[in-house]
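A.B. asks: Give the three-dimensional model of this entry:
(one chain, ligands or ions: 1)
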Amino acid sequence: MLLLIGKLVMGMIVTDNVSVRFLVQPGGALKGRIRVPGDKSISHRSIMLGSIAEGITKVSGFLEGEDSLATLNAFRAMGVSIEGPDAGKVTIHGVGLKGLKPPSQPLDLGNSGTSMRLLSGLLAGQAFDVELTGDHSLVSRPMRRVTEPLASMGARIGTTEKGTAPLQIKGGQPLEGIDYNMPVASAQVKSCLLLAGLYANSRTCVREPAPTRDHTERMLAGMGYPVTTENGKVCLQGGGKLMAASIDVPADISSAAFFLVGASIAPGSDLLLEHVGINPTRTGVLEILKLMGADIKVLNRREVGGEPVADLRVRAAQLHGIDIPVEQVPLAIDEFPALFIAAACAQGRTVLTGAEELRVKESDRIQVMADGLQALGAQAEPTADGMIIEGGTLNGGCVDSGGDHRIAMSFAMAGLRASGPIKIDDCANVNTSFPDFVSLASSVGLSVSNE
Ligand code: S3P
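C.D. replies: Here you go, the predicted structure:
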């Protein structure tokens, strides 16, 4: 029997992962217009930067998912007064760069890698000690990618022997700026070091091997903090001030991605996705789907609070397999679970390379997706840094999401083209990024329910 087991973590109810199973009935088409929830990356940053700004920051469109709520609760635990969220509205009473207070217990960041990596930088420069921990997935993800460059700035952060959380951050350490060449293209590492750089005595520069999402840089600039970006190198000088701002969080293109794929593969679909963030560091999914033959129109382009936004109209199309251009990988890093479903429904072979990072996301997304696709009868061969998928037909069957929100939602969309029902185990973590997925997806034609 499946039970919903609730527990209280830092004031919020979370459900144990094993307890939620999706049941998807085969077939159907996606039609209508919807706005998917707010961008997770921007929601995290709105709380972090709003908290250390001077004055009152008002956020709208905030993602009320467990990941961004973990960040919100962490700042409340450090003495920041935050009202909401209420229908996506949050008001943050900023305490300034030096105004955070020591939390009375370790900060539990749940499943959220963004919270842990960005906070490790922001907290390395505080006067107090703090411990960061998380769920079984988060405490197995690599953290040396942040703790090592932070140590070279003067931070003292303890990890387990494997270089994983819990992270023990020692307060009162003076930080010096560094000039750092990132070995992996990671916005989390870049943002972590920029946030530590706010507290450093000198200039911090981070060079990225390929462009990654730049929401931190945009929001810092929007709050009046000078940041320069030149030839892939982002720099800032420590010791400045952030001024409160109004932040309108667009809909998350990573959540829109499930619907872009679902509507592309389901004959008869015609769907409008409203107010989606189309920051060019996030639009790899659009480029890749277009290369595969998708029919996606970018309508009504506008700029909202320093971030480009548009409505996306997607209609069903016959997709074909491609070699995914390697430069698109960091720009679509969270969308590969959904793109693998598109590839399995396309004509011909799709090959992904250069994406070894997928192995250290919320799950090993190469292995877990290959296992699930094979369980549905697809030809999917995992490789060290990607996947080779021969497009064809999908059967019904049982798949395990590995506790990974994006894998659960991707297999839900596979139901649109499967020949029988699909059961997806371990779906509670969909609440980390897309709390109303089942009802929103049902409202446009996906036959999905919580079993
Ligand atoms: C994120 C950056 C990406 C992405 C994650 C969110 C962010 O991680 O996968 O979901 O908000 O900075 P990496 O920067 O580690 O690739």
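A.B. asks: Which positions in the protein make contact with the ligand?
C.D. replies: Residues of the chain lying near the ligand by C-beta under 6 Å from any ligand atom: 41, 114, 186, 187, 188, 191, 212, 213, 333, 334, 357. (Glycine included, C-beta is placed from N, CA and C.)
A.B. asks: Can you tell me which of the residues you listed end up in helices?
C.D. replies: 41, 114, 187, 188, 191 (DSSP state H).
A.B. asks: The second one against residue 67, yeah?
C.D. replies: Spelled out, it's residue 114. Yes: look at residue 114 against residue 67 with C-beta atoms under 8 Å: they come within range, at 6.8 Å.
A.B. asks: Which one's more surrounded, those two?
C.D. replies: Between residue 114 and residue 67, counted using other C-beta atoms under 10 Å, residue 67 has the larger neighbour count: 25 against 22.
A.B. asks: Surely the more buried one is in contact with residue 115?
C.D. replies: Yes: contact between residue 67 and residue 115 holds when scored by C-beta under 8 Å: they sit 6.6 Å apart.
A.B. asks: anything in contact with each of those two?
C.D. replies: residue 44 (C-beta atoms under 8 Å, 6 or more residues apart in numbering).
A.B. asks: shared neighbours, residue 114 and residue 67?
C.D. replies: Common neighbours of residue 114 and residue 67, using C-beta under 8 Å, 6+ apart, are 40, 44.
A.B. asks: what does the domain assignment say about this protein?
C.D. replies: Following automatic domain parsing, one finds the domains of the chain at 6-39+251-450, 40-248.
A.B. asks: Tell me the buried residues in stretch 183-203?
C.D. replies: 184-200 (16 or more other C-beta atoms under 10 Å).
A.B. asks: where do the strands sit along the stretch 151-300 of the chain?
C.D. replies: Taking DSSP state E, counting those that start in this stretch, the strands of the stretch 151-300 of the chain run over residues 156-158, 167-170, 179-181, 203-207, 228-230, 233-237, 246-248, 270-277, 295-304.
A.B. asks: nearest to residue 20, of those?
C.D. replies: Taking C-beta to C-beta, strand 270-277 is the member of the strands of the stretch 151-300 of the chain nearest to residue 20, at 24.6 Å.
A.B. asks: Mind listing residues that contact the closest one?
C.D. replies: 29-36, 39, 42, 61, 250-253, 256, 259-260, 262-263, 304, 307-316, 444.
A.B. asks: And stretch 326-337, by the same measure?
C.D. replies: So stretch 326-337 is in contact with 185, 210-212, 253-254, 257, 280-285, 287-288, 339, 352-355, 357-358, 361, 365, 369, 404, 406-407, 409-410, going by C-beta under 8 Å, 6+ apart.
A.B. asks: about what we covered before: the contacts of strand 270-277 in helices, which ones?
C.D. replies: Counting by DSSP H, the contacts of strand 270-277 place 42, 253, 256, 259, 260, 262, 263 in helices.
A.B. asks: one step back: now render the strands of the stretch 151-300 of the chain as CSV, adding distance to residue 82 and mean pLDDT.
C.D. replies: CSV is the format used below for those (distance: least, C-beta to C-beta, whole Å; pLDDT from 0 to 100):
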stretch, distance to residue 82, mean pLDDT
strand 156-158, 26, 98
strand 167-170, 21, 98
strand 179-181, 31, 98
strand 203-207, 27, 98
strand 228-230, 30, 97
strand 233-237, 25, 98
strand 246-248, 13, 97
strand 270-277, 23, 98
strand 295-304, 22, 97
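A.B. asks: Between those, which one is closest to residue 435.
C.D. replies: strand 270-277 (17.4 Å).
A.B. asks: What strand or helix carries residue 341?
C.D. replies: Applying DSSP states H and E as the criterion places residue 341 in helix 336-344.
A.B. asks: gap between that helix and the chain center?
C.D. replies: Centre-to-centre, helix 336-344 and its host chain are 17 Å apart (C-alpha atoms, centre = their mean, to the nearest Å).
A.B. asks: Just the buried positions in it, please.
C.D. replies: For helix 336-344, by 16+ other C-beta under 10 Å, it's 336, 337, 338, 339, 340, 341, 342, 343, 344.
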